[in-house]
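Enquirer: sharing a model prediction with you, sequence too.
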Protein chains: 2
Amino acid sequence: MAEAPRYDDSLTIALLRARDAVTAQFRDHVGEAGLTLQQWRVIRALAGGTELDTTTLANRCVILAPSLTRIIRHLAERNLVVKVPTRDRRQRVVRLTQDGEALFTSIWEVSQQKYAAIEDAFGRAEMRDLVVSLNRLRACLEPDEAPG
Amino acid sequence: MAEAPRYDDSLTIALLRARDAVTAQFRDHVGEAGLTLQQWRVIRALAGGTELDTTTLANRCVILAPSLTRIIRHLAERNLVVKVPTRDRRQRVVRLTQDGEALFTSIWEVSQQKYAAIEDAFGRAEMRDLVVSLNRLRACLEPDEAPG
DNA sequence: ATGATTTAATTCACATGTTAAGTAATCATG
DNA sequence: CATGATTACTTAACATGTGAATTAAATCAT
């Protein structure tokens, strides 16, 4: 009992623990496919032929640009993503290769099942409310953010 | 509008974004004192003369043991923490030095103010509910966890 | 007591987080 | 069209995240 408010930032701790608990549900399955969770977020964002530049990808995957540079390099070395030519040659737009799409498909179904299992355990409505609450918290703290 | 559920794991993304938004409120202030947020969590957990072993500290701060080993080494090199002798010599129990306590004090008050500002922006009751919800989510996914 | 097992930390290797600085392409302006 | 500012990314340096292997100390089973 009494999940005591040991720290002033119990919110920070609660967020860290919740994130750990949720990501732990996926890490083993994704890891067996040879991907980190961050690499998986990138692949999923690109699934279905989507072409995205680094900035958009970074926003959607919640990965900082320097990390994304390395992640894309790793994925490119494994022939999972390729660069797409662009007019603005500063931009780096990438898309999945056939191997990348195939790897996505091989992971996706079980990933969905695990997500559904979380919904079942926690409650679908509660989970929706939680996501809404988390997004509102972010909105309160980052008043001027364009939706990625 | 329409914060679209782009990904199956919108919960994961929402958790990541919320964590980023919250920690961003503290990072600059803590960073000006020469600490990372992880180092700050460790110092705060030890504030007031508390002596803790590595395992307990890792649980409370939500930091993995290998990271904590390095963090404690860094803090010890700056004379912010010291090792405490123990009966069981496998354990590494540490406490803050006077410098460590002083650094804690110099950061603590503003940190509390920033936490209160989050409460004001988001709502005190909503924040309490959110923490409860996050902890319940964790409890659903980690059925067998002793409270750190 | 002695050897097998378990436990608490650490080390290692690699991936990512984070900030600051650097690079190249584009844009705005004169 | 030259040039200074801006933009999109990358690189660099250091700190942490993560899983596997390792070390050292305590515990257990004879």
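Expert: Cool, got the structure.
Enquirer: so how far is the top helix by length along chain A from its chain's centroid?
Expert: Longest helix in chain A, counting residues (DSSP state H): helix A:98-122. Put simply, helix A:98-122 sits 13 Å off its chain's centre (C-alpha atoms, centre = their mean, to the nearest Å).
Enquirer: which bits of chain A sit near DNA strand C?
Expert: A:36, A:38-39, A:63-67, A:70-71, A:74, A:87-90 (C-beta under 7 Å from any atom of the strand). All C-beta spots, glycine's among them, are computed from the backbone N, C-alpha and C.
Enquirer: near DNA strand D too, which of those?
Expert: A:65-66, A:88, A:90.
Enquirer: most neighbours among those residues, which one?
Expert: Within those, neighbour counts (other C-beta atoms under 10 Å in any protein chain shown) peak at A:Ala65, which reaches 11 neighbours.
Enquirer: buried among the residues of chain A next to DNA strand C? Make that a PyMOL selection.
Expert: To isolate the buried ones among the residues of chain A next to DNA strand C in PyMOL, judged by 16 or more other C-beta atoms under 10 Å in any protein chain shown, type:
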select buried, chain A and resi 38+39+63+71+74
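Enquirer: among the residues of chain A next to DNA strand C, which are in helices?
Expert: The helices, defined by DSSP H, take in A:38-39, A:65-67, A:70-71, A:74 from the residues of chain A next to DNA strand C.
Enquirer: pipe the residues you listed into a markdown table and attach pLDDT per row.
Expert: What follows is those, written out as a markdown table (pLDDT from 0 to 100):
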| residue | pLDDT |
| --- | --- |
| A:Gln38 | 98 |
| A:Gln39 | 98 |
| A:Ala65 | 98 |
| A:Pro66 | 98 |
| A:Ser67 | 98 |
| A:Arg70 | 98 |
| A:Ile71 | 98 |
| A:His74 | 98 |
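Enquirer: spatially central residue in chain A, please.
Expert: Against the mean C-alpha coordinate of chain A, by C-alpha atoms, centre = their mean, the closest residue is A:Arg41 at 3.8 Å.
Enquirer: in which helix or strand does that residue reside?
Expert: helix A:37-46 (DSSP states H and E).
Enquirer: please see if that helix touches chain B.
Expert: Yes - part of helix A:37-46 sits near chain B under the criterion C-beta under 8 Å from any C-beta of the partner chain, namely A:41, A:44-45.
Enquirer: same question for stretch A:106-113.
Expert: Yes - residues of stretch A:106-113 contacting chain B under C-beta under 8 Å from any C-beta: A:111-112.
Enquirer: in that stretch, what counts as buried?
Expert: Using 16+ other C-beta under 10 Å as the burial criterion, the residues of stretch A:106-113 that qualify are A:107, A:111.
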